[in-house]
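Engineer: Using only what follows, build the 3D model:
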Amino acid sequence: MAHDHDHSHNHTHSHDHAHGANKKALMISFLIIFVYMLVEVVGGFLSGSLALLSDAGHMLSDAASLGVGLLAFKFGEKNASYEKTYGYKRFEILAAVFNGAVLIVISLLIFYEAFQRFMAPPEVASTGMLVVACIGLIVNLVVARVLHGGDKDENLNMRAAFLHVLGDLLGSIGAVTAAILIMLFDWTWADPLASVIVAILVLISGWRVTKDAVHVLMEGTPENVELDDIIKTIENIPDVISIHDLHVWSIRSGQNALSCHAVVDGHLSVYDSQKLLQTIEHEMAHKEIGHVTVQMESEQHPHDGSLFSQDDRE
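Structural biologist: Okay, the predicted model is just below:
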């Protein structure tokens, strides 16, 4: 006897609200970032500041990442079909991989350019650099505040976008600091140094987002799920003797699923079996798992006893 149930409908309203809030936050942020990116590119070229140009480059990646994020949410709204039985929800995870990879590439490019600047520091128009950097700082504070109101803790796509903007915020702080040091002490090396510091932080953020997104694509165990606790909870339910062929994964950020085979008392009636399945589903809903599929078996049903193995038996 197999049973599949999805508790996610109980949270449809809250998910829809979060989804709408995320899209709105991304749209507002995209418009602000794109407009100021153009300003910063002009300011960077006119002042000759690498810190400003690297920040503008990062803002360009932000605009792209926010655009991809918006597309991801839009694609994710498409209904499931015969070709895509889970719909397009995973597109959000692909967007997070893209954004994380872009962060890594940009950080490496900044490292390279900063090295060139250390070798031959150019003249920097510090006053113009300071003005543009200060405006950029204000813009990034506004955008960071907008995105902070989104579901960045649960949604990888939103987290990737927020980290992009956070990197921009740090870049603006670095550019302001470098401009002040150049104005006061003529320390031209402060410009590439600020870029290197920002690049390190951007690289770390990009690596983390990419790693988390790939973990979801590899159907790894969600970070907010304690597998030993799941096993203990199910096996402690009366009439459940043991479980095997257990799999726990994320369909997308914040949407976890579980499937397993449960060995139960072979004398259970159909009514008792249904009650047992409802109990398992209820317990899993409290463990951050909304989509549950359980195949019930009697003790006489042959299986290899492996906790996780199913298709890879030898």
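Engineer: which stretches of the stretch 51-200 of the chain have low pLDDT?
Structural biologist: Across the stretch 51-200 of the chain, the ranges flagged by pLDDT under 70 are 51-52, 54-55, 57-59, 61, 149-154.
Engineer: How are the helices of it distributed by residue range?
Structural biologist: 91-119, 126-148, 156-185, 190-217 (DSSP state H, counting those that start in this stretch).
Engineer: Now tell me what touches the second one from outside.
Structural biologist: Going back to what we said before, that points to helix 126-148. For helix 126-148, the surrounding residues in contact (CB atoms under 8 Å, 6 or more residues apart in numbering) are 25-26, 28-29, 32-33, 36, 39-40, 43-44, 46-47, 49, 51-52, 55, 59, 158, 161-162, 165-166, 168-169, 171-173, 175-176, 178-180, 182-183, 191. Yep, even glycine has a C-beta here, placed from its N, CA and C like the rest.
Engineer: Likewise for stretch 98-105?
Structural biologist: 61, 64-65, 68-69, 157, 160-161, 163-164, 167, 202-203, 205-211, 213.
Engineer: distance between whichever helix or strand V263 is part of and the chain's centre?
Structural biologist: Assigned by DSSP states H and E, V263 belongs to strand 255-264. Computed by CA atoms, centre = their mean, to the nearest Å, the chain-centroid distance of strand 255-264 equals 25 Å.
Engineer: same check, this time on stretch 173-186
Structural biologist: Relative to the centre of its chain, stretch 173-186 is centred 34 Å away, using CA atoms, centre = their mean.
Engineer: Pull out the buried positions in it.
Structural biologist: 173-182 (16 or more other CB atoms under 10 Å).
Engineer: And the residue nearest the centre of this structure?
Structural biologist: Centrality entry for the chain: nearest residue to the mean C-alpha point is L156, 1.7 Å, by CA atoms, centre = their mean.
Engineer: now the longest strand along the chain against strand 255-264, angle please.
Structural biologist: When the chain is parsed with DSSP state E, its longest strand is strand 240-252. For strand 240-252 against strand 255-264, the angle by axes from the mean of the first three to the mean of the last three CA atoms, to 10 degrees is 160 degrees.
Engineer: Give the other helices and strands that strand 240-252 contacts.
Structural biologist: Where contact means 3 or more CB pairs under 8 Å, 6 or more residues apart in numbering; DSSP states H and E, strand 240-252 is packed against helix 190-217, helix 227-235, strand 255-264.
Engineer: I'd like these written out as CSV, with mean neighbour count and distance to C134 added.
Structural biologist: Listed next are the helices and strands packed on strand 240-252 as CSV, based on neighbours: other CB atoms under 10 Å; distance: least, CB to CB, whole Å:
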stretch, mean neighbour count, distance to C134
helix 190-217, 21, 14
helix 227-235, 14, 49
strand 255-264, 21, 41
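Engineer: Could I get the ones you listed in CSV, plus columns for distance to A114?
Structural biologist: Formatted as CSV, those follow (distance: least, CB to CB, whole Å):
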stretch, distance to A114
helix 190-217, 4
helix 227-235, 43
strand 255-264, 40
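Engineer: Put together TSV for the helices of the stretch 51-200 of the chain, with distance to I234 on each row.
Structural biologist: Formatted as TSV, the helices of the stretch 51-200 of the chain follow (distance: least, CB to CB, whole Å):
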stretch	distance to I234
helix 91-119	27
helix 126-148	37
helix 156-185	27
helix 190-217	23
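Engineer: Not counting residues beside it along the chain, what's closest to L147?
Structural biologist: Of all residues not flanking L147 in the chain, F162 sits nearest, at 4.6 Å (CB to CB, 6 or more residues apart in numbering).
Engineer: neighbours around the one you found, how many?
Structural biologist: Neighbour count for F162, taken as other CB atoms under 10 Å: 23.
Engineer: Relative to L268, how far out is it?
Structural biologist: In this view, F162 and L268 are 48 Å apart by CB to CB, to the nearest Å.
Engineer: Can you list the buried residues in the longest strand of the chain?
Structural biologist: So strand 240-252, judged by 16+ other CB under 10 Å, has buried residues 240, 242-246, 248-252.
Engineer: repeat for stretch 103-122
Structural biologist: Result for stretch 103-122 [16+ other CB under 10 Å]: buried residues 103-104, 106-107, 110-111, 113-114, 117, 121.
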